[in-house]
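>>> quick one: sequence plus predicted model below, questions after.
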Amino acid sequence: MGEVLEAELVDEREQLERRQLNGALGATVGFIVVMMLLATLFPSTLINDIDGSGGGDHWLPPVEHRRDLEYRIDDVFSRVSWNGSYGIDEVRSVYVEVNTITAADGGAGVTGDAEVHLGFWLPVIEGCDWDSLTDT
């Protein structure tokens, strides 16, 4: 009976808070697992139909079907789409200076005259003057 016993007092509120945090963590993990399972069960086309982004009236073929198309090089420009109702005007070239390229980047950064060439093949639309848009 000469032994000294030690006792540790534990606050019940701390245990309650720990149980609540563990429950919240478990619920969060469960929610994530359920969402991952739902994502694998529902095809993306169904989700696109629900949010309206999967409309089939876009001028390009669907992305998943483009890999099967022949890359056309026998027309005014190469593409994997199809011709629209407008003709194609002459190519317009625009040169854009790139001031952010430095000598450390090499190439045109050394000479300081870096430019990017953009070629535009615009449609011929009656009443539309593309050149007047670039005069601003």
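That came in fine, so what should we check first? Numbering: from 1, shown residues only.

>>> where does pLDDT dip in this structure?
For the chain, the stretches with pLDDT under 70 are 1, 10, 44-60, 71-73, 75-83, 134-136.

>>> now do the strands in it.
87-88, 92-97, 115-120, 123-124 (DSSP state E).

>>> mind listing what the third one pairs with, with the direction of each?
Strand 115-120 pairs in its sheet with strand 92-97 (antiparallel), by DSSP bridges.

>>> can you check the last one too?
For strand 123-124, the paired strands and their directions (DSSP bridges) read strand 87-88 (antiparallel).

>>> starting at the chain centroid, how far to the strand it pairs with?
Its chain's average C-alpha position is 30 Å from that of strand 87-88, according to Cα atoms, centre = their mean, to the nearest Å.

>>> mind listing what Arg67 touches?
Counting by Cβ atoms under 8 Å, 6 or more residues apart in numbering, Arg67 touches no other residue. Where you see a C-beta, it was placed from the backbone N, CA and C, and this is true even at glycine.

>>> now do it against Asp74, distance only.
Distance, Arg67 to Asp74, by Cβ to Cβ, to the nearest Å: 20 Å.

>>> Gly2 now?
Plainly put, Gly2 is 104 Å away from Asp74 if you go by Cβ to Cβ.

>>> ok, these two, which is more surrounded?
Asp74 (6 against 3; other Cβ atoms under 10 Å).

>>> wait, what's in contact with that one?
By Cβ under 8 Å, 6+ apart, Asp74 lies in contact with nothing.

>>> from the chain's centre, how far out does the biggest helix by length in the chain sit?
Across the chain, the helix with the greatest residue count (assigned by DSSP state H) is helix 12-41. Helix 12-41 sits 30 Å away from the centroid of its parent chain (Cα atoms, centre = their mean).
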